[in-house]
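1. okay, structure incoming, though there's no sequence with it:
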């Protein structure tokens, strides 16, 4: 991969893979978590619907502002931090209503970083290899989802949901800190 992609693309792929892994960790066991807090399958559907609506609306706004930012990578950092805070919020969920609030936070986090990430990623593409670079991101999305799904189930089964949420948040915070401390000329 070193010969195909420049340093910025490799960093973006690596840091975003941690976000994708963390997000996938709850996916297959989400309904079990909702049931654990007293919800049912319909509540899980409502919560995911709330997440998607908030993320969709916020993405439109975030995309507009990311175009105006001198350093859009800092918006990526902000989105990763908001997502991490949402994952920590899962620890404090005790009802379906608090779950809805956490889903709003996570939706905001993903929507804040996504357009800025795409902008920064696109900026570093080699025009002759853009299909390959976007293909790498798409493949990484699937590989990260697979790893996250299995890891999330194992962690929750062996160590519990709260430990899982801490791991998810840690992965997000790690990506945010790494991007933040990078010299701006790298990204």
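-> Done, it's in. All of these numbers come straight from a predicted model, not from anything done at the bench.

2. quick one: the helices in the protein, in order.
-> Listed in chain order, the helices of the chain (DSSP state H) span 7-26, 30-36, 41-66, 72-89, 96-123, 130-159, 161-181.

3. and these: which comes nearest residue 187?
-> When the helices of the chain are compared by CB to CB, helix 72-89 sits nearest residue 187, at 4.5 Å. (Glycine included, C-beta is placed from N, CA and C.)

4. hmm, back to that, any idea which of the helices of the chain is most buried?
-> Burial of the helices of the chain is given as mean neighbour count (mean count of other CB atoms under 10 Å); helix 72-89 ranks first at a mean of 23.

5. so what does that helix touch, helix or strand wise?
-> The contact analysis (3 or more CB pairs under 8 Å, 6 or more residues apart in numbering; DSSP states H and E) places helix 72-89 against helix 7-26, helix 41-66, helix 96-123, helix 161-181.

6. just give me how far it sits from the chain centre.
-> Helix 72-89 sits 8 Å away from the centroid of its parent chain (CA atoms, centre = their mean, to the nearest Å).

7. now do stretch 122-137
-> When C-alpha coordinates are averaged (CA atoms, centre = their mean), stretch 122-137 and its chain have centres 20 Å apart.

8. also stretch 46-65?
-> The chain centroid and the centroid of stretch 46-65 are separated by 13 Å under CA atoms, centre = their mean.

9. just to revisit the earlier point, can you list the helices of the chain in a markdown table and add distance to residue 187 and mean pLDDT?
-> Output for the helices of the chain, formatted as a markdown table (distance: least, CB to CB, whole Å; pLDDT from 0 to 100):
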| stretch | distance to residue 187 | mean pLDDT |
| --- | --- | --- |
| helix 7-26 | 5 | 94 |
| helix 30-36 | 32 | 93 |
| helix 41-66 | 13 | 94 |
| helix 72-89 | 5 | 96 |
| helix 96-123 | 6 | 95 |
| helix 130-159 | 15 | 94 |
| helix 161-181 | 7 | 97 |
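
10. quick one on the thing from earlier: identify whichever of the helices and strands packed on helix 72-89 lies nearest to residue 82.
-> Nearest to residue 82, of all the helices and strands packed on helix 72-89, is helix 96-123, at 3.4 Å by CB to CB.

11. returning to what we had before: reformat the helices and strands packed on helix 72-89 as CSV; add distance to residue 155.
-> Formatted as CSV, the helices and strands packed on helix 72-89 follow (distance: least, CB to CB, whole Å):
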stretch, distance to residue 155
helix 7-26, 7
helix 41-66, 20
helix 96-123, 18
helix 161-181, 5
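
12. and of the ones you listed, who's closest to residue 81?
-> helix 161-181 (5.0 Å).
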